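Novice: Structure, please.
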Amino acid sequence: MKRQQTNQRAAAFDGTIAVSGAAGRLGSLVVRRLHRTDAVITIDDRDFAHRPADVGHYQTELRRKDCKDLFRRHTLQAVIHLGPFHTKGQKQRPSASFTAAVENFARLLEYCDHYHIRKLVLLSSADVYGARARNPQFLTEEAPLLAKGFASLRDVDMMAQSFFWKRPDIETVILRPAHITGGIANLISRYFRMSPVPVLMGYDPMIQLVHEEDVIESIRLALSPGQRGIFNIAGPPPLPLSRILRRLGRAVLPLPHIMARPLLSQLNRLGRVDFEPAYTDYIRYVCMVDDARARNILGYRPQYNFEDTIQAVDIWQ
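Specialist: Sure, this is the predicted structure:
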């Protein structure tokens with residue numbers, strides 16, 4: 001069962017918090033948590049009709065001139081950027097999606113630099129480390145970013161690291177959560193919702209999940225004054241992929257790993273499945289993180305056990 005929620009953070013800013021990429025499920029939850037204690041505005045090129053009444057929404061891209069005007073008009077003290085991995089909307093060509101993600105974040109860094117934003121929080125992903133046969137059991141924040149299929153998120157993460165050293169006076173926090181479960185349309189959730197679920201013959205990697213509410217709590221903690229750095233965010237102890245699928249009651253489709261990626265690529269092009277073929281590495285090799293730094297420095301503790309975290313995959317229904 002979920003542990004009792006921690007007390008609400010007292011308002012830490014005398015200005016406004018801007019949440020970029022807020023119109024999706026995860027962004028909506030972040031906004032609903034934060035607006036109880038702080039003034040919040042949201043930025044997204046999608047409509048955000050169901051936001052709280054006291055939250056102003058600006059439907060625009062970060063790279064547009066009107067977004068720069070927004071930063072000039074508001075007394076923004078903190079910015080939360082939900083990386084491109086967490087804000088996927090309509091499908092785009094990979095090159096267009098990559099360009100937009102990198103250009104938008106580059107412009108956001110310019111605004112933070114020019115307008116002296118006190119705090120920048122980037123929600124990245126542990127997937128940037130890459131799933132590889134030679135990975136250690138748990139990866140620390142010092143591990144290289146070797147993911148092959150997620151260039152936009154990896155580049156955004158690396159840009160934030162460079163900004164960390166360029167502007168040490170700005171408290172920059174990079175959060176790298178494990179696979180997030182909940183009512184969201186991320187890659188791992190779409191994989192678990194397939195019917196049947198493809199698995200790779202001869203492979204049963206340990207899988208690390210984290211509940212969407214625990215991720216939101218890590219963002220809340222990252223906003224605390226004085227916090228800066230890179231933090232892995234994990235949930236309850238991991239389980240083998242086969243046990244997770246049994247807990248979910250999913251039928252499986254065993255595939256030889258040499259056939260899985262081309263088959264899923266073809267099915268994806270035909271619209272038969274909604275799953276990124278590059279993600280097959282994450283159901284073949286281990287990619288788990290050590291979150292000791294987040295526990296020791298941020299005071300982060302996952303509030304949801306594995307049963308609640310697994311079942312959160314079906315919240316979307």
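
Novice: Could you pull out the helices in the stretch 201-317 of the chain for me?
Specialist: For the stretch 201-317 of the chain, the helices defined by DSSP state H, counting those that start in this stretch occupy 212-222, 241-248, 257-269, 292-293, 306-311.

Novice: Pick out the shakiest of these, pLDDT-wise.
Specialist: Among these, helix 257-269 has the lowest mean pLDDT, at a mean of 83.

Novice: about what we covered before: single out the most deeply packed of the helices of the stretch 201-317 of the chain.
Specialist: Among those, ranked by average contacts under mean count of other CB atoms under 10 Å, first place goes to helix 212-222 (a mean of 23). (C-beta placed from N, C-alpha, C; glycine too.)

Novice: Figure out which of the helices of the stretch 201-317 of the chain is closest to residue 58.
Specialist: helix 212-222 (19.9 Å; CB to CB).

Novice: For the residue nearest to residue 234 when sequence neighbours are not counted, give me phi and psi.
Specialist: Closest residue to residue 234 apart from its sequence neighbours, by CB to CB, 6 or more residues apart in numbering: residue 291 at 4.0 Å. Backbone dihedrals for residue 291, given as degrees, to the nearest 10, come out at phi -100, psi 20.

Novice: quick one, what contacts residue 291?
Specialist: Going by CB atoms under 8 Å, 6 or more residues apart in numbering, residue 291 touches 231, 232, 233, 234, 300.

Novice: So which of those are in strands?
Specialist: In this view, the contacts of residue 291 that belong to strands under DSSP state E are 231, 232, 233.

Novice: so what's the closest residue to residue 199 other than its chain neighbours up against?
Specialist: Spatially, and ignoring its direct neighbours in sequence, residue 199 is nearest to residue 252 (4.9 Å; CB to CB, 6+ apart). When contacts are counted by CB under 8 Å, 6+ apart, residue 252 touches 196, 197, 198, 199, 245.

Novice: tally of neighbours for the third one?
Specialist: The one in question is residue 198. Per other CB atoms under 10 Å, the neighbour tally for residue 198 reads 19.

Novice: if I look at the closest residue to it other than its chain neighbours, how far off is residue 181?
Specialist: In space, and not counting its chain neighbours, residue 198 is closest to residue 253: 4.8 Å by CB to CB, 6+ apart. Distance, residue 253 to residue 181, using CB to CB, to the nearest Å: 21 Å.

Novice: of the two, who's got more company?
Specialist: residue 181 (28 against 13).

Novice: hey, what's residue 19 bridged with?
Specialist: residue 42, residue 80 (DSSP bridges).
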